[in-house]
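Peer 1: Here is a sequence with its predicted model. Questions after.
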Amino acid sequence: MKETKAIIRVLSDYRALTREQVLRMFPKKNEIVQNIIGRLIKQKRIIYDEKTKMLSYGTELKEQPDINLIKAFWVLLDLYDTVEFHYPSQYPAQIAFFMDAKLYEIIKADYGKETVINHLLSLQSEGSPERIIMVDNEEQIAEITADNILCFCIVGDKGEIEYFKFE
């Protein structure tokens with residue numbers, strides 16, 4: 001089943017995601033995906049932590065999940081029906097993805113690290129990807145001056161997202 005392969009792939013790539021995120025990957029197949037998740041848990045191919053509501057591949061939940069990666073995945077899910085391919089990326093990006101044959105990055109700018117983000121992004125060569133920058137608060141937006149910023153956003157703990165257009 002392609003859903004089973006997709007669940008295993010995304011959990012092996014991202015290590016840990018919320019159950020809700022995995023379900024949102026298949027919006028019209030909720031019951032089927034619930035059954036697949038249950039079967040994979042029973043087979044011990046994935047792990048579910050009832051307390052945190054996190055799914056992981058293998059034993060990853062023994063470690064602290066990457067909260068910034070989980071928040072970036074919420075942003076990815078907002079675009080998921082048009083995303084062609086996605087993967088976890090290297091700092092400062094959390095996730096890189098292709099949409100309309102164009103590369104995008106979701107980047108987390110921690111509060112107080114705006115200068116570091118500006119510097120790292122300025123080092124990237126010509127033709128760098130479009131960027132969605134996750135910030136902790138609106139005040140950070142004026143401090144981030146990198147090129148190719150599509151928009152800024154603040155992601156809440158439960159996946160709620162507030163977007164801000166770059167001006």
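Peer 2: Right, received. Where do you want to start?

Peer 1: and Val22, what does it touch?
Peer 2: Residues in contact with Val22 (CB atoms under 8 Å, 6 or more residues apart in numbering) are Ile7, Val10, Leu11, Val33, Ile37, Leu55. C-beta: built from backbone N, CA, C; applies to glycine.

Peer 1: one more time with 7 Å, if that's ok
Peer 2: Ile7, Val10, Ile37, Leu55 (CB atoms under 7 Å, 6 or more residues apart in numbering).

Peer 1: What strand or helix carries the second one?
Peer 2: Following DSSP states H and E, the helix or strand that holds Val10 is helix 2-14.

Peer 1: Relative to Pro65, how far out is the one residue sitting closest to the centre of the chain?
Peer 2: The centroid of the chain falls nearest to Phe73 when counting by CA atoms, centre = their mean (2.0 Å). Distance, Phe73 to Pro65, by CB to CB, to the nearest Å: 11 Å.

Peer 1: for Glu31, same thing?
Peer 2: Glu31 is 26 Å from Pro65, by CB to CB.

Peer 1: Of these two, give the one with the bigger neighbour count.
Peer 2: Pro65 (18 against 7; other CB atoms under 10 Å).

Peer 1: And the pLDDT at that one?
Peer 2: On pLDDT, Pro65 comes in at 84.

Peer 1: Verify the stated contact: it with Ala16.
Peer 2: Yes - judged on CB atoms under 7 Å, Pro65 makes contact with Ala16 at a distance of 4.1 Å.

Peer 1: Need the residues touching each of those two.
Peer 2: Met54.

Peer 1: Pro129 touches Leu103, doesn't it?
Peer 2: Yes - using CB under 7 Å, Pro129 makes contact with Leu103 at a distance of 4.0 Å.

Peer 1: Tell me how many other residues surround Ile144.
Peer 2: 20.

Peer 1: give the contact list for it.
Peer 2: Contacts of Ile144 by CB under 7 Å, 6+ apart are Ala109, Glu114, Ile117, Asn118, Ile133.

Peer 1: how does it look with 10 Å?
Peer 2: 107, 109, 113-115, 117-118, 121, 131, 133, 135, 152, 166 (CB atoms under 10 Å, 6 or more residues apart in numbering).
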